[in-house]
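> take this sequence and fold it.
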Amino acid sequence: MNKPYFSIIIPTRTIHSQIADDLLPALNVQLLDDFEVFITPDKTNESDKKLEKRYPWLHIIEAKENKRPGIKRDICVQKSKGCVLVFIDDDVLPPKHWLKNAHRMLKKDTSIVALGGPGILPPNAPFWERVFDATLTTWLGSGSFTYRFQKESARHVDDFPSMNLMIRKSTFLKTGGFDNGYWPGEDSKLLDKFTDKNGGTIYYHPDVLVYHHRRDTLGGHLLQHKNYGKTRGLFAAQGDTNSKHLIYLIPSVFVIYCLVVIVISLLSQSILSITLIPLFLYIGFLSYVFLKTSLATESILIGLGTVLVIPATHITYGLWYMIGYMRK
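Numbers count the residues shown, from 1 in each chain. Here you go, the predicted model:
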């Protein structure tokens, strides 16, 4: 039997219904079937064995304990036979042309050693997922990283999340795998070694998209961005090249500015009006986002939710970025 071209690796806590009912059937109808799939739950059960019988390309490996996603991925890499490693989250849904498009690009251009595509909100997503998606796909919410969450022009990047990331196995092994002392951010650490020390490039293309769920509660969304901010600040302090972009620092500047405004309002009303000019601009940008989001989603409630979530996200990320930076 020939070796598969793709080895798809999915770390998870349990094989939940979204995997069994949505993800695996979506993989089963891919237009290119030259792949194998590894799933690593903490524990396995009898229903998992039935899934392996149903899908000949599926391998379920029990992690035996609650391991970080990077560790689970490394376990699967050791057992994989594919030429290209495909890392996805357990809540994605790939369209049927996903692997075929990626295969065409990787075969045509051998200089592409890593390939990523956007994680787009699934159709008919619930309210809060739509709010968080609107937050992530607007420039005020995600800055220059909106391409990760919607289809934009193809480009080379120096970082990409492992929710939809493909790397040639030879390159992955050369970097030494994930840096599992960190979570989240183990994928960013891997790609920093890959791009900075090995001269590799990551190619983003909108045709390699998957559908990807957002958090479904405000607490979950803010906790996620707390963790993102903390590890990004830590990586910036450690000198990681792909964490030095100025845009990562802007939310912290916003937090400091808000604190300065509060102090000035208590000490000197005479200069407060000048100090508030940036805040009025920010509110103006939020107003624009409200109108644009409300029209795009045909929902004033989603527009309102978005302009409330964006400042909360900025403050949470910015505060924890500074904490992560100081914890170097």
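> which residues sit against the lowest-mean-pLDDT helix or strand in the chain?
For the chain, scoring each helix and strand by mean pLDDT, DSSP states H and E identifies helix 272-275 as the least confident one, at a mean of 74. For helix 272-275, the external contacting residues (CB atoms under 8 Å, 6 or more residues apart in numbering) are 260-261, 264-265. The way it works is simple: take the backbone N, C-alpha and C, and place the C-beta from them, glycine included.
> alpha carbons of it, as CSV, please.
Listed next in CSV are the C-alpha coordinates belonging to helix 272-275 (Å, rounded to 0.1, in the frame of the first residue of the first chain):
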residue,chain,number,x,y,z
LEU,A,272,-9.2,66.3,30.1
SER,A,273,-10.9,67.4,26.9
ILE,A,274,-7.6,67.2,24.9
THR,A,275,-6.9,63.8,26.4
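> list the buried residues for it?
For helix 272-275, the neighbour count (16 or more other CB atoms under 10 Å) marks no residue as buried.
> quick check: L190 is in a strand.
No - counting by DSSP: H, G, I helix; E, B strand; the rest coil, L190 falls outside a strand, being helix.
> continuing past the least confident helix or strand of the chain, what's the next helix or strand?
Towards the C-terminus, the helix or strand next in line after helix 272-275, according to DSSP states H and E, is helix 277-297.
> related to what we said a few turns ago, buried ones among the contacts of helix 272-275?
I264.
> turn the contacts of helix 272-275 into CSV, including secondary structure.
Listed next are the contacts of helix 272-275 as CSV, based on three-state DSSP:
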residue, secondary structure
V260, helix
V261, helix
I264, helix
S265, helix
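> domain ranges for this protein?
Using automatic domain parsing, the domain ranges for the chain come out as 6-117+160-213, 126-150+217-328.
> lowest average pLDDT across those domains?
Taking each of these in turn, the lowest mean pLDDT turns up on domain 6-117+160-213, with a mean of 88.
> what's near enough to touch the residue positioned nearest the centre of the chain?
Among the residues of the chain, P161 comes closest to the average C-alpha position under CA atoms, centre = their mean, at 4.1 Å. Contact criterion CB under 8 Å, 6+ apart gives 116, 119, 148, 187 as the residues in contact with P161.
> in the longest helix seen in the chain, what's buried?
Longest helix in the chain by number of residues, with DSSP state H as the criterion: helix 300-326. Of the residues in helix 300-326, those buried under the neighbour-count criterion (16+ other CB under 10 Å) are 302-303, 305-307, 309-311, 313-322, 324-325.
> wait, what's in contact with L266?
If you count contacts by CB under 8 Å, 6+ apart, L266 has none.
> angle of the host helix or strand of it against helix 277-297?
If you go by DSSP H and E, L266 is part of helix 250-267. Orientation of helix 250-267 against helix 277-297 (axes from the mean of the first three to the mean of the last three CA atoms, to 10 degrees) gives an angle of 130 degrees.
> neighbouring contacts of stretch 276-285?
Identification of contacts with stretch 276-285 by CB under 8 Å, 6+ apart yields 140, 254, 257, 261.
> in that stretch, what's buried?
Here stretch 276-285 shows Y282 as buried, counting by 16+ other CB under 10 Å.
> who does the nearest residue to L93 once chain neighbours are set aside form a beta bridge with?
Leaving out its chain neighbours, the residue that sits closest to L93 by CB to CB, 6 or more residues apart in numbering is Y211, at 4.2 Å. On DSSP bridges, the residues paired with Y211 through beta bridges are L93, I120.
> does Y211 touch P118 like I think?
No - counting by CB atoms under 8 Å, Y211 does not reach P118; the two are 9.7 Å apart.
> and the two? Which one has more around it.
Here Y211 and P118 are set side by side on neighbour count (other CB atoms under 10 Å), and the busier one is P118, at 24 against 20.
> on that earlier part again, just give me how far the least confident helix or strand of the chain sits from the chain centre.
Per CA atoms, centre = their mean, to the nearest Å, the displacement of helix 272-275 from the mean C-alpha position of its chain is 38 Å.
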